[in-house]
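Asks: Below: sequence and its predicted model.
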Amino acid sequence: VPELGDYIGEAGNLPAKIRKIEIIEQTAEGATETVTVKVTTARAEGANYKYSYKLAESSDYTGEVEKTENTHTIEGLKRGNQYTIKVELIINEEVVDEKTISLTTSVRQVTATEIAQEASTYYGKEVLGYTCPNSDAVNKWRIFHVDESNIYLIADDYISYQDAPKGKMETAITSSYPYRLSLKNIESNYTGESAWIKENSKGAKWLNQYLNTNTSTNINMKAVSYMMDTNVWNVYKGEDAEYAMGGPTLEMFCASYQKTHPVAYIECTVSSITGYMVRTGGDSFTNWTKGLEGVPLDDFNSIYIKSDGSKAYGMWLASPSQNDINNLMVATNAGQVWYNGTELSYCGLRPIVCLKSGVKLQDNGDETLTIVK
């Protein structure tokens, strides 16, 4: 139906104009959307159309294309964002009219499988909406790893000794420092035996290399037992989680790191009952060693190495070290995957949460995702 303005002016001297812009197709695939717009005009025979778009909050248009067709397809729009699409009507190289249309792209929901396929995009991003009995102890949770069906979150920072749960015999961690925690006094609560971990830790699969070949009552395995005791760490298990632990094992650390560093990754092995050794993989393997240096600082929002040592000089990994029966593996603020005596107050704990199988996350279009309820 013609608009009133189409009849204003003398016959044969009415201006060309854009009546409307409409979205005729909008499809989503992965992290982006594709949209097709159609322009309806009046008296615009022989005109060109210049198309461009921008994020709603931006002042600059991009993707400028000039063509004779009154339809145009725009690809690669990020999901979960608002855009403005502009069309300029051009006759004899002059813009005679222009209109805009607003568009909101759909919000993306991602599964563990999709996150695994896009690890470099999602690992390290903050996850909103996770709550647990001890929520106040962790300011932010970040994606640490995914396996076949589960998403694993890691605390963005170290928890204080007051927020570390008591051992299975009700012994509490004591410390002269708020975040640098010795595990020595908690070790008396555990035998360190592999059979106990297999039976009592829901995360036992992440210590498979050791548990499948060794049984031990070494001091370092007693500390591992505490960190992997999913009964005491359930203070960090919310309704969306299957279990929580006191931190990642070395096997989980390496599995995650290989997803984000597929060329120069880290791998681990168990060489004896004492514990693990590590080496760099990728193009050329190094020899197995008790510790590695030169691990990049603060990659992926510091989920592996946190260079800020104001609270602790690294995080405990729930794995025994080959270096000594008293040593655990650690990831230090100096860029090392190293070893440290469990009696020392150098490192801190960053709990790990395994979300339930099937949990989806909403991609908010920024650096955050939200658990879908």
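Replies: It's in. Every value quoted in this text rests on a predicted model; they were computed, and no experiment measured them.
Asks: just the strands in the stretch 251-373 of the chain please.
Replies: 266-272, 275-280, 314-320, 327-332, 336-341, 352-355, 361-363, 368-371 (DSSP state E, counting those that start in this stretch).
Asks: Just send the ones you listed back as JSON lines, with mean pLDDT and mean neighbour count too.
Replies: Glycine gets a C-beta too; all of them are placed from N, C-alpha and C. Listed next are the strands of the stretch 251-373 of the chain as JSON lines, based on pLDDT from 0 to 100; neighbours: other CB atoms under 10 Å:
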{"stretch": "strand 266-272", "mean pLDDT": "93", "mean neighbour count": "18"}
{"stretch": "strand 275-280", "mean pLDDT": "95", "mean neighbour count": "23"}
{"stretch": "strand 314-320", "mean pLDDT": "98", "mean neighbour count": "29"}
{"stretch": "strand 327-332", "mean pLDDT": "98", "mean neighbour count": "27"}
{"stretch": "strand 336-341", "mean pLDDT": "98", "mean neighbour count": "23"}
{"stretch": "strand 352-355", "mean pLDDT": "98", "mean neighbour count": "26"}
{"stretch": "strand 361-363", "mean pLDDT": "94", "mean neighbour count": "23"}
{"stretch": "strand 368-371", "mean pLDDT": "96", "mean neighbour count": "20"}
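Asks: Same list (the ones you listed) but as JSON lines, adding distance to residue 112.
Replies: Putting those into JSON lines (distance: least, CB to CB, whole Å) gives the following:
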{"stretch": "strand 266-272", "distance to residue 112": "22"}
{"stretch": "strand 275-280", "distance to residue 112": "26"}
{"stretch": "strand 314-320", "distance to residue 112": "21"}
{"stretch": "strand 327-332", "distance to residue 112": "23"}
{"stretch": "strand 336-341", "distance to residue 112": "25"}
{"stretch": "strand 352-355", "distance to residue 112": "8"}
{"stretch": "strand 361-363", "distance to residue 112": "9"}
{"stretch": "strand 368-371", "distance to residue 112": "12"}
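Asks: and residue 29, which of those strands is closest to it?
Replies: Nearest of the strands of the stretch 251-373 of the chain to residue 29, taken as CB to CB: strand 361-363 at 13.3 Å.
Asks: From the rest of the structure, what touches the closest one?
Replies: The contact list for strand 361-363, computed with CB atoms under 8 Å, 6 or more residues apart in numbering, reads 31, 79-80, 107-110, 115, 127, 151, 369-372.
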